[in-house]
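**Q** structure for the following, please:
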Amino acid sequence: MASRSVACLLVFVYGTLKSGQPNHHWLTLPQNGKSTLIGKGKTSVKFPLVIGTRYNIPFLLDKPGQGNQIEGEIYEVDKDMFAKLDELEEYPKYYDRQQQEIITENNETLQCWLYLLRKFPDRMLDKPYLTSYSNTSEQPYNEKSVRDPKITAKDDLNY
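**A** Numbers count the residues shown, from 1 in each chain. So this is what the prediction gives:
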């Protein structure tokens, strides 16, 4: 792997920010900052990854040890991009973030930031657990621009 700049941060994305997914453009817009795909990886710890709300949002639930090792992508981002990702994930109001060990395709272990949901209804744990997220026509993700502004995703967790 290429050497990384001290000013950059590693972020693990597992949902709509992955390549080919609805929010990937956030990582590619130059005005958001810089991001470089480092490669694919998976969490070393198991987590429940579920799809919830009427908007079909993927949620990584803060229940380490439960669920699956989650597959995703590792990006090196600058401070500007990290701030934009915080904005998208509504950190710290909605999602939280923490560093986790991510195992790369080359079996290297990296400390990466990831976003997860700490406060959620217990019944979210009854949803099917995913290993990898992909937007599908059967369960299409709804971007913020098409959602009812009176119904926030946070308010919709009990949907």
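
**Q** now for the longest strand along the chain, which elements pack on it?
**A** Assignment by DSSP state E gives strand 35-47 as the longest strand of the chain. On a contact count with 3 or more CB pairs under 8 Å, 6 or more residues apart in numbering; DSSP states H and E, strand 35-47 meets strand 9-13, strand 68-77, strand 96-104, strand 109-116. For the C-beta atoms, the positions are set from N, CA and C on the backbone; glycine is no exception.

**Q** between those strands, which one is closest to residue 133.
**A** Across the helices and strands packed on strand 35-47, residue 133 has its closest neighbour in strand 68-77 (8.1 Å, CB to CB).

**Q** can you tell me the average pLDDT over the closest one?
**A** Averaged across strand 68-77, the pLDDT comes to 98.

**Q** on that earlier part again, tell me which of the helices and strands packed on strand 35-47 is the most buried.
**A** Across the helices and strands packed on strand 35-47, the average number of neighbours (mean count of other CB atoms under 10 Å) peaks for strand 9-13, which reaches a mean of 23.

**Q** following that one, which helix or strand shows up next?
**A** helix 25-28 (DSSP states H and E).

**Q** for that next one, give the mean pLDDT please.
**A** 96.

**Q** ok, and for that helix, which residues are buried?
**A** Buried residues in helix 25-28, counted by 16 or more other CB atoms under 10 Å: 26, 27.

**Q** ok, now stretch 52-61?
**A** Buried, per 16+ other CB under 10 Å, within stretch 52-61: 52, 53, 55, 56, 57, 58, 59, 60, 61.

**Q** if we can go back for a sec, which one of the helices and strands packed on strand 35-47 lies nearest to residue 35?
**A** With CB to CB as the criterion, residue 35 lies closest to strand 68-77 of those, at 4.6 Å.

**Q** by pLDDT, rank the buried residues of stretch 52-61 and give me the bottom one.
**A** residue 53 (86).
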